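Q: with the sequence up front, the predicted model follows.
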Amino acid sequence: MATSTVQEDWRGRRKGRQTFELVCPVCKKPYLYQGGPINAAKRQFCSHACAGLGRPHGNVTEATEHPTVRDTAWAAGLFEGEGHSSPTTRGKSTQCNIAQKDVWVLQRCLALFGGSVSKPNKRGVSYWRAYGGRSRGFLMTIYTFLSPWRRRQAEKAIGNA
Ligand SMILES: [Zn+2]
């Protein structure tokens with residue numbers, strides 16, 4: 001376990017971020033985790049891709065259908081309006097998601113492209129999510145159907161991978 005600048009406040013609580021040498025439970029690679037000691041003691045993953053595989057509620061599944069051009073155009077239209085793509089927070093990979101209250105629509109995405117669908121949040125919104133190679137593949141597949149603005153967002157997301 002490595003340490004960095006951690007200060008104790010007047011109550012003796014430890015504040016600030018530390019760097020921990022952890023081993024990813026999914027890919028078994030050692031990596032540096034930055035955060036508080038309480039979170040470091042929990043199961044932490046080296047990347048979103050590994051978290052998707054390792055967390056019990058982040059059930060990543062493979063596609064069960066092969067998307068046709070029509071399916072791809074449909075998904076692009078959905079992503080255009082309700083989607084988002086970006087580099088992941090550690091800047092090493094790509095993520096994309098689609099927010100939607102109608103879970104049927106997200107299950108359709110899951111069947112066509114794989115990934116995961118979250119439980120609804122407090123506002124009743126669920127998310128279809130993809131990380132890493134799956135996310136890059138999805139963005140490249142729908143790319144030609146996207147608006148210039150969405151294309152730039154996708155390029156930024158992929159370019160950082
Ligand atoms: Zn990993």
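A: Nice, I can see it.
Q: which helices and strands does the lengthiest helix in the chain pack with?
A: Identified as the longest helix of the chain according to DSSP state H is helix 69-82. For helix 69-82, the elements it packs on are strand 94-100, helix 103-113, helix 132-142, judged by 3 or more CB pairs under 8 Å, 6 or more residues apart in numbering; DSSP states H and E. In short, each C-beta sits where N, CA and C put it, glycine included.
Q: ends of stretch 120-128, how far apart?
A: Its first and final residues considered, stretch 120-128 spans 11 Å by CA to CA, to the nearest Å.
Q: in it, which residues are buried?
A: Within stretch 120-128, the residues that count as buried by 16 or more other CB atoms under 10 Å are 126-128.
Q: please compute how far that stretch lies from its chain's middle.
A: Computed by CA atoms, centre = their mean, to the nearest Å, the separation of stretch 120-128 from the middle of its chain amounts to 15 Å.
Q: go on, stretch 138-150?
A: Counting by CA atoms, centre = their mean, stretch 138-150 is centred 18 Å from the centre of its parent chain.
Q: closest one to residue 47 among the helices and strands packed on helix 69-82?
A: Residue 47 lies closest to helix 132-142 among the helices and strands packed on helix 69-82, at 7.2 Å (CB to CB).
Q: average pLDDT for the following helix or strand past that closest one?
A: Per DSSP states H and E, the first helix or strand lying C-terminal to helix 132-142 is helix 148-159. In this model, helix 148-159 has a mean pLDDT of 93.
Q: swap in stretch 82-98?
A: 87.
Q: now swap in stretch 23-37 and tell me
A: For stretch 23-37, mean pLDDT is 87.
Q: C-alpha coordinates for it, PDB please?
A: Only the C-alpha atoms of stretch 23-37 are listed here, as PDB (Å, rounded to 0.1, in the frame of the first residue of the first chain):
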ATOM      1  CA  VAL A  23      -4.900  -5.800  -7.900                       C
ATOM      2  CA  CYS A  24      -7.900  -5.700 -10.200                       C
ATOM      3  CA  PRO A  25     -10.200  -8.700  -9.300                       C
ATOM      4  CA  VAL A  26     -11.200  -9.200 -12.900                       C
ATOM      5  CA  CYS A  27      -8.100  -9.000 -15.100                       C
ATOM      6  CA  LYS A  28      -5.700  -9.600 -12.100                       C
ATOM      7  CA  LYS A  29      -3.400  -6.800 -13.100                       C
ATOM      8  CA  PRO A  30      -1.900  -4.500 -10.500                       C
ATOM      9  CA  TYR A  31      -2.800  -0.800 -10.900                       C
ATOM     10  CA  LEU A  32      -2.800   2.400  -8.900                       C
ATOM     11  CA  TYR A  33      -6.100   3.400  -7.300                       C
ATOM     12  CA  GLN A  34      -6.600   7.000  -6.100                       C
ATOM     13  CA  GLY A  35      -9.200   7.600  -3.500                       C
ATOM     14  CA  GLY A  36     -10.000   7.400   0.200                       C
ATOM     15  CA  PRO A  37      -8.900   4.500   2.400                       C
END
